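J.: from the sequence below, what's the structure:
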Amino acid sequence: MKIPSLAQLKKDLSYLSENELIALITDLAKFSKENKAFLYFKLNERDQPSLFVDSVKEELDEAFQTANTRHYHVAKKAAQSIRRKLNKSIKLSKNKADQAELILYFCEMMKKYGYLSFRHPVITNLYEVQIGKAKKLISTLHEDLQSDFDYRMEELAP
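T.: The predicted structure follows:
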């Protein structure tokens, strides 16, 4: 089966009634947790713009608090797992400032919870890659936002 293009899907959706669209969107939300989260954030972002960032930060906090960091190998696996959660969440937002905020928050938590003290090359590389991503995102933002983020980047420098 050949999957149609996005333009074709958009055209087909324009022919549906409001009730049919609601049913289709509800069915899509049932398929995965990410779809449901995306729909929730899109419906509520006008009223609460920081809702997405706050909820992802809560998720990351919980993951960092429950992670086992007694041994470098387990800490490495925990950091990689948390980073995967971060990347899934970042896909839900097209706002570059929110993405940079979440990546910087992840790096701050890695530093706070002592992941960098293991001096394990995988953990260090994971941290540096995230810092690089944040720098790249920050460079695309408005100058005022850049200066706000640059201050936080200086604190995170290894």
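J.: mind checking the SS state of Q48?
T.: Taken by DSSP: H, G, I helix; E, B strand; the rest coil, the conformation at Q48 corresponds to coil.
J.: now do the contacts for F38.
T.: By CB atoms under 8 Å, 6 or more residues apart in numbering, F38 lies in contact with L92. (Glycine included, C-beta is placed from N, CA and C.)
J.: in what helix or strand does it lie?
T.: Under DSSP states H and E, the secondary-structure element containing F38 is helix 33-44.
J.: show me how far that helix is from its chain's centre.
T.: Distance of helix 33-44 from the chain centroid (CA atoms, centre = their mean, to the nearest Å) equals 13 Å.
J.: quick one: average pLDDT of the helix or strand following that helix?
T.: Scanning the chain past helix 33-44 towards its C-terminal end, the next helix or strand to appear is helix 51-66 (assignment: DSSP H and E). The predicted model assigns helix 51-66 a mean pLDDT of 94.
J.: and the contacts of whichever helix or strand comes after helix 51-66?
T.: Scanning the chain past helix 51-66 towards its C-terminal end, the next helix or strand to appear is helix 72-90 (assignment: DSSP H and E). Residues outside helix 72-90 that contact it (CB under 8 Å, 6+ apart) are 34, 37, 56, 59-60, 63-64, 67-69, 99, 102-103, 106, 110, 115, 118, 120, 122-123, 126, 130.
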